[in-house]
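In: Model the following, please.
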Amino acid sequence: MKFLKIAIFLIGVSAFAQSKVGAVDVEYILSKMPELETVKTQMETYGKQLDVDLNKKIDEYKVLAEAYKTGEASFTQEQKKEKQTELMTLEADIQKFQQNGAKLMEIKQQESLKPLYAKIGAALEKVALAQGYTQVMQTSQDLVFLDPNFDLTLSILDELGIKIPVEEAGK
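Out: Below is the predicted model of the structure:
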């Protein structure tokens, strides 16, 4: 039994000794990709279209509200109730559209960035395998120290064909 424990310990130590861990700043790479400008333009266009759609709904509401105000005195109780229900339904629709707008923008952004992340992922895999890394972690604000020898960010940028100024590379 003692031999089994020692064997398992030695296997664990040798497996740990063979792993090579690197780090990458995916968001930095993404910010340097020229395709990001196209995504930003698409997002602005999509946001403007959502604004146009929202403004149409608001204009429709204003027209209905004005029509209700001007004709309120001549409406029967049933017509008033019908017009009020129509106004409340449209108002609820506007509020729902406003709430969903942010979600729609987020979904559109994720869809637009997906191919860029896939491109980064393919380059990361190629660089990590070529340099013998067994694990690659994403850098974050919680990271206190990273030996530049284990930072794959610049290698991935090179793999993607993205050149950055020398001053910036030293940071």
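
In: in this protein, what spans have low per-residue confidence?
Out: Residue ranges of the chain with pLDDT under 70: 1-17, 167, 169-171.

In: just checking, what's the longest helix in it?
Out: Criterion DSSP state H: the longest helix present in the chain is helix 77-130.

In: Any idea how far that helix is from the middle of the chain?
Out: Remark: helix 77-130 is offset 12 Å from the chain centroid, using C-alpha atoms, centre = their mean, to the nearest Å.

In: Who are the packing partners of the following helix or strand past that helix?
Out: Later in the chain than helix 77-130, the nearest helix or strand by DSSP states H and E is strand 135-138. Contact here means 3 or more C-beta pairs under 8 Å, 6 or more residues apart in numbering; DSSP states H and E; on that basis strand 135-138 packs against strand 21-24. Backbone N, C-alpha and C define where each C-beta goes, glycine included.

In: What residues of the strand it packs on count as buried?
Out: 22-24 (16 or more other C-beta atoms under 10 Å).

In: ok, now stretch 53-63?
Out: Tyr61.

In: and for it, what are the contacting residues?
Out: With C-beta atoms under 8 Å, 6 or more residues apart in numbering as the test, stretch 53-63 has contacts from 87, 90-91, 93-94, 97-98, 101.

In: with these in mind, which one is nearest to Ile29?
Out: Nearest to Ile29 out of the contacts of stretch 53-63 is Gly101 (C-beta to C-beta; 29.2 Å).
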